[in-house]
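In: Can you look at this prediction? I've put the sequence above it.
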Amino acid sequence: MNAHTHESLISGKHLVVIEKGQKPGRALPKGAVTTEVGRHIRFNAAVLDTFDVKGFQPLHYDMLVLCAAIEFADRRWKRPFGWRRTLEVTVPVIDLKSWQKPEVLMSLHGVLNHLTGDTWRFSFVGAKDSSPIGSRQIPLDFGKTKTFAVAYSDGLDSRAVSALSGTRDEALCIRIAGKRQRRKTGDSFFTQIPFKVQGYRGHESSFRSRGFQFAAVAAIAAQLSSVARIMVPESGQGALGPVLLPLHNIYPDYRNHPTFFRKMERFITALLGYRGKFEQPRLWSTKGQTLRAFLDIPGKTERHLTSTHSCWQSRRVVNVGGRKQCGLCAACLLRRVSLHAAGVNEALDAYVVSDLAATDASSALSVIPLKADRDIMVEYGSVGARHLQHLAELAGLPDDALRVHASQIGAAIEESTEETLTKLRTMLGTHAVEWRAFLSAQGEQSFLKSWMDGGRYGRFE
């Protein structure tokens, strides 16, 4: 037993995936946790059926099982104070030879280590069961040829960028949510992630591997549809902000960063032989600029934007007075800033916390009945507001302070550091203008202003 394996077994962070009905063998490593396909990893037969088309191979099914196993491990073990964990995962696969290729293992470790900040180690064993789908090989028939794929949600960016990238007939909309969302006209395939993972007890909430899962499912759908271009809809603040300004003692969030997508492309090419390209057409635009560009498309109206959903909150707080968006989490604040920048006015009752001009947060949150929920909202809101403020302040930093980020991004998008630095500074400058205009519109007495000065609960904390 080598030192790394010993470390993994002592810490107990070893997951072994077993097939449906299989009993753990005697050779199961001491302290290992098992997860069973069909019990803990449950495939939705109806959704999985939307992937059962010409070109679907056992390797694709293997990848879906791998994604589920990664989610289980990522959420099963709580992070230490220093963030990094060592996670060892054993997965049964049908196409064992492909998974044992050195370039596949190397690129898989590389993309997940970079994305999550952990040390991942994978081993693959031959599966006894065959893939539950793949025998039909029914040709996809979209009527018209798809020219690009987009990981589609009900959010502002996916709505806008899908339209900006091409016509509705050209877009292959891949739903990457875990539950069925409202269908976009023409949706019939790839309507949601085809599996659910349960039984991990929810020890860890960061779930950084979600980005790998989304990208993998999007790549499978795009390959089956013979589409080489996969659009990443995130605009500049959302793609780059979490890496430019990571939270204290928190590993940077690379889920929408160009460096992650380059590593993901290498893994997908090594495993599937598919040379798909993740494109970020709005990387150097703010979300506000993206929404303005969308509204310039003939036939597009404010209603197309206001009917979207951005809120992160799934708590009971957003059910106050009917299902709404909270209005105060980081996603809602960026949404409100961006719609303001695009000149879009939302209904007064669009958010639970609608009045951002209130002089203190307690007044703005008075509609929320439970103090515990109000405290959670204050925590989310103050962190989100300060993030947008600090992102605006980056625009005023000297070049040397931004050059390390420009170098990393530039290498990923194959542009020079200086060219990337110019684009980065321009995007940050535009964000600063939009953020300050939004704050100004709330008035000098807004509790948001007090949060910028360090207060959280009121103007005179």
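Out: Good, I have the coordinates.
In: Tell me the secondary structure at S450.
Out: Of the three states, S450 takes helix under DSSP: H, G, I helix; E, B strand; the rest coil.
In: Give me the distance between it and A385.
Out: 10 Å (Cβ to Cβ, to the nearest Å). Every C-beta, even on glycine, is put in place using the N, C-alpha and C of the backbone.
In: Looking at the two, which is more packed in?
Out: Ranked by neighbour count (other Cβ atoms under 10 Å), S450 and A385 place A385 first, with 24 against 21.
In: what about the stretch 101-250 of the chain, any weak spots by pLDDT?
Out: Applying pLDDT under 70 to the stretch 101-250 of the chain flags residues 143, 177-189.
In: ok, which stretches of it are strands?
Out: Along the stretch 101-250 of the chain, counting by DSSP state E, counting those that start in this stretch, strands occupy 119-126, 148-152, 171-175, 195-197, 229-231.
In: Of all those strands, which one is nearest V217?
Out: V217 lies closest to strand 171-175 among the strands of the stretch 101-250 of the chain, at 6.9 Å (Cβ to Cβ).
In: Pull the residues that contact the closest one.
Out: Strand 171-175 has contacts (Cβ atoms under 8 Å, 6 or more residues apart in numbering) with 142, 146-153, 162, 165, 181, 184, 186-187, 190-193, 217-218, 221-222, 225, 227.
In: Can you turn the buried part of the residues you listed into a ChimeraX selection?
Out: Applying 16 or more other Cβ atoms under 10 Å to those leaves a buried subset, and the ChimeraX line that selects it is:
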select :146,148,149,150,151,152,153,162,165,181,184,187,190,191,192,193,217,218,221,222,225,227
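In: Looking at the contacts of strand 171-175, which are in helices?
Out: S162, S165, V217, A218, A221, A222 (DSSP state H).
In: between these, which is nearest T90?
Out: Closest to T90 out of those is V217 (22.1 Å), distances taken as Cβ to Cβ.
In: Hmm, the closest one is touching I176, no?
Out: Yes: the criterion here is Cβ atoms under 8 Å, and V217 meets it with I176 at 5.9 Å.
In: any common contacting residues for those two?
Out: Common neighbours of V217 and I176 (Cβ under 8 Å, 6+ apart) are I193.
In: which SSE is L439 in?
Out: helix 417-442 (DSSP states H and E).
In: can you pull the buried residues of that helix?
Out: Those would be 417, 420-421, 423-425, 427-428, 430-432, 434-435, 438-439, 442, for helix 417-442 by 16+ other Cβ under 10 Å.
In: Tell me where the stretch 201-350 of the chain has helices.
Out: 210-224, 236-244, 258-272, 287-295, 302-306, 330-341 (DSSP state H, counting those that start in this stretch).
In: Could you tell me how far the third one lies from the centre of the chain?
Out: So that's helix 258-272. With Cα atoms, centre = their mean, to the nearest Å as the basis, helix 258-272 stands 16 Å off its chain's centre.
In: repeat for the shortest one
Out: Taking the mean of its C-alpha atoms, helix 302-306 sits 23 Å from the chain's own mean (Cα atoms, centre = their mean).
In: With the second one instead?
Out: Its chain's C-alpha centre lies 12 Å from the corresponding centre of helix 236-244 when counted by Cα atoms, centre = their mean.
In: for that helix, packing partners?
Out: Contacts defined by 3 or more Cβ pairs under 8 Å, 6 or more residues apart in numbering; DSSP states H and E place helix 236-244 against helix 287-295, helix 371-394, helix 399-413, helix 417-442.
In: rerun that using 10 Å as the cut-off
Out: helix 258-272, helix 287-295, helix 330-341, helix 371-394, helix 399-413, helix 417-442 (3 or more Cβ pairs under 10 Å, 6 or more residues apart in numbering; DSSP states H and E).
In: Mind telling me which of these the model trusts least?
Out: Mean pLDDT values for the helices and strands packed on helix 236-244 show the minimum at helix 371-394, a mean of 91.
In: C-alpha coordinates for that one, CSV please?
Out: Output of helix 371-394 as CSV, limited to C-alpha atoms (Å, rounded to 0.1, in the frame of the first residue of the first chain):
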residue,chain,number,x,y,z
LYS,A,371,-36.0,35.8,12.3
ALA,A,372,-33.8,32.9,11.3
ASP,A,373,-34.8,33.4,7.6
ARG,A,374,-34.2,37.2,7.9
ASP,A,375,-30.7,36.5,9.3
ILE,A,376,-29.9,34.2,6.5
MET,A,377,-31.1,36.7,3.9
VAL,A,378,-29.0,39.5,5.6
GLU,A,379,-25.9,37.2,5.4
TYR,A,380,-26.5,36.3,1.8
GLY,A,381,-27.3,39.9,0.8
SER,A,382,-24.4,41.6,2.5
VAL,A,383,-21.9,39.1,1.1
GLY,A,384,-23.4,39.5,-2.4
ALA,A,385,-23.5,43.3,-2.3
ARG,A,386,-19.9,43.6,-1.1
HIS,A,387,-18.8,41.2,-3.8
LEU,A,388,-20.3,43.5,-6.5
GLN,A,389,-18.8,46.5,-4.8
HIS,A,390,-15.3,44.9,-4.6
LEU,A,391,-15.6,43.8,-8.2
ALA,A,392,-16.3,47.4,-9.2
GLU,A,393,-13.3,48.5,-7.2
LEU,A,394,-11.0,46.2,-9.2
